[in-house]
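*Asks:* Sequence plus predicted model, see below.
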Amino acid sequence: MHVVFAAGGTAGHLEPALTTADALVQSDSSTTISFIGGSRGLEGELVAARGYPLVATTAQPFPRRLSASAVAFPFLTIEGVWQAAAHLRALRADVVVGFGGYAAVPGYAAAWLTRTPLVIHEANSRAGFANVLGAKWTKNVASVHSGVLAHARPMGLPLRPSVAKLDVAEQRSAARGMWDLPDQGPVVLIFGGSQGARHLNDVVAGSIHALTDAGVSVLHAVGRNNVLPDPHPNYRPVAYIDRMDMAYAAADLVVCRSGAMTCAELTAIGVPAIYVPLPIGNGEQAGNSQPIVDAGGGLQVADEAVTSEWLTTTVLSLVEDEGRLRTMASAARSLGDRDAGVAMVRWISDVVEQRRKGG
């Protein structure tokens with residue numbers, strides 16, 4: 001079976017594709033994996049790091065206003081589609097799989113053009129342009145949130161094994177030790193995605209002494225491109241966390257954005273969170289975390305409403321109420337799906353099998 005992933009642009013679109021690729025190979029070592037993506041996103045870095053070949057095609061973000069790039073967009077997209085179609089024929093692909101992102105569009109269109117089965121997964125509460133378009137060309141559509149795409153089957157987001165198989169109780173002490181955090185007492189994990197969130201960083205700077213003076217320990221990922229604050233007792237600022245599973249295991253409470261992957265991971269593990277949706281885009285982040293909030297698994301606050309005083313008061317009120325945190329953790333866990341990767345592999349395999357039988 002040769003599975004081609006049409007993915008790229010952002011880590012949010014690439015990571016579930018890479019996780020699914022790994023799961024496919026683990027399920028059947030004879031499976032061949034390759035990626036079709038753009039030349040300007042993160043795919044060149046992330047795909048190569050996982051050992052998969054990447055075929056780059058011409059891919060451009062959908063233009064939001066009239067400009068020279070908007071005029072060139074349809075011509076560049078057609079070029080990318082023809083490139084992707086040539087690659088699919090050369091690779092003799094059995095199926096094309098995508099999780100959205102502008103760089104997936106040439107691969108989606110090429111799948112339709114070459115009559116290669118297309119499988120699409122939408123993780124966000126509002127579908128992006130690529131998946132809205134691609135869903136018109138295939139019946140094989142899944143989404144985390146209901147009503148996002150027509151005829152989509154419900155399916156969670158595939159998670160990396162380190163998170164999907166995490167035993168928090170077993171790893172708690174070792175996880176705290178990784179960052180020299182105290183074994184006892186509340187720990188709050190704060191992060192704003194892979195690039196950090198400057199507003200959250202500023203808010204934390206104004207509240208950190210009040211939190212640590214109250215006995216709260218804080219692990220804070222500020223983002224690689226942001227200035228790293230000075231550490232002090234019970235405050236551990238880091239540029240980036242490459243072991244998010246262990247960071248989750250160390251935490252009693254998380255303060256974060258509402259990316260689809262973050263929401264999927266926190267619910268799978270069962271960690272209560274204060275969600276601060278990214279204030280740009282089409283509102284999908286607020287929609288991602290709203291079901292968790294509605295179930296009682298977290299709080300949600302608009303970015304502009306988060307102040308140092310608000311954060312201090314809210315965090316302290318939560319960590320001082322262990323019963324409430326346990327209830328929130330249980331509510332979050334009720335929405336989690338640790339087996340989505342297995343379901344995704346089975347679905348892709350079924351689509352290929354159906355094609356081989358002429359279905």
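*Replies:* Nice, I can see it.
*Asks:* burial measure for Cys263, as a count.
*Replies:* 31 (other Cβ atoms under 10 Å). From N, CA and C alone the C-beta is placed, and that goes for glycine too.
*Asks:* give the contact list for it.
*Replies:* Neighbouring residues of Cys263 by Cβ atoms under 8 Å, 6 or more residues apart in numbering: Tyr275, Asn288, Ser289, Ile292.
*Asks:* Correct me if wrong, but it is in a strand.
*Replies:* No. With the criterion set as DSSP: H, G, I helix; E, B strand; the rest coil, the secondary structure at Cys263 is helix rather than a strand.
*Asks:* Quickly note the distance from it to Pro154.
*Replies:* Cys263 sits 15 Å away from Pro154 when distances are taken as Cβ to Cβ, to the nearest Å.
*Asks:* cool, and Asn201?
*Replies:* Asn201 is 36 Å from Pro154, by Cβ to Cβ.
*Asks:* The contacts of Cys263 in strands, which ones?
*Replies:* Tyr275 (DSSP state E).
*Asks:* Which neighbouring elements make contact with the longest helix anywhere in the chain?
*Replies:* Counting residues, the longest helix in the chain under DSSP state H turns out to be helix 68-91. Helices and strands in packing contact with helix 68-91 are listed as strand 2-6, strand 32-37, helix 105-114; criterion 3 or more Cβ pairs under 8 Å, 6 or more residues apart in numbering; DSSP states H and E.
*Asks:* so how far is it from its chain's centroid?
*Replies:* The offset between the C-alpha centroid of helix 68-91 and the centroid of the whole chain comes to 26 Å, using Cα atoms, centre = their mean, to the nearest Å.
*Asks:* Buried residues, it. List them.
*Replies:* Using 16 or more other Cβ atoms under 10 Å as the test for burial, helix 68-91 gives Thr77, Glu79, Gly80, Val81, Trp82, Gln83, Ala84, Ala85, His87, Leu88, Leu91.
*Asks:* tilt between it and helix 105-114?
*Replies:* Angle of helix 68-91 versus helix 105-114, following axes from the mean of the first three to the mean of the last three Cα atoms, to 10 degrees, is 50 degrees.
*Asks:* got the residue ranges for the strands in this structure?
*Replies:* When assigned using DSSP E, the strands of the chain occupy the ranges 2-6, 32-37, 54-56, 95-98, 118-122, 140-143, 153-154, 187-191, 217-221, 235-238, 253-256, 273-275, 298-300.
*Asks:* average model confidence for stretch 226-234?
*Replies:* Averaging the model's pLDDT scores along stretch 226-234 yields 90.
*Asks:* tell me which residues in that stretch are buried?
*Replies:* Of the residues in stretch 226-234, those scored as buried under the neighbour-count criterion (16+ other Cβ under 10 Å) are Asn226, Asn234.
*Asks:* Look at that stretch and report the distance between its end residues.
*Replies:* 21 Å (Cα to Cα, to the nearest Å).
*Asks:* next one: it to chain centre, how far?
*Replies:* Between the mean C-alpha location of stretch 226-234 and the chain-wide mean there is a distance of 26 Å, by Cα atoms, centre = their mean.
*Asks:* quick one, what contacts the residue sitting nearest the centre point of the chain?
*Replies:* Of all residues in the chain, the one closest to the mean position by Cα atoms, centre = their mean is Met261, 2.7 Å from it. Taking Cβ under 8 Å, 6+ apart as the criterion, Met261 is in contact with Ala11, Gly12, Glu15, Pro16, Ala123, Leu157.
*Asks:* on that earlier part again, neighbour count winner among Asn201 and Pro154?
*Replies:* Asn201 (19 against 11).
*Asks:* In helices, which of the contacts of Cys263 appear?
*Replies:* Secondary structure assignment by DSSP H places Asn288, Ser289, Ile292 of the contacts of Cys263 in helices.
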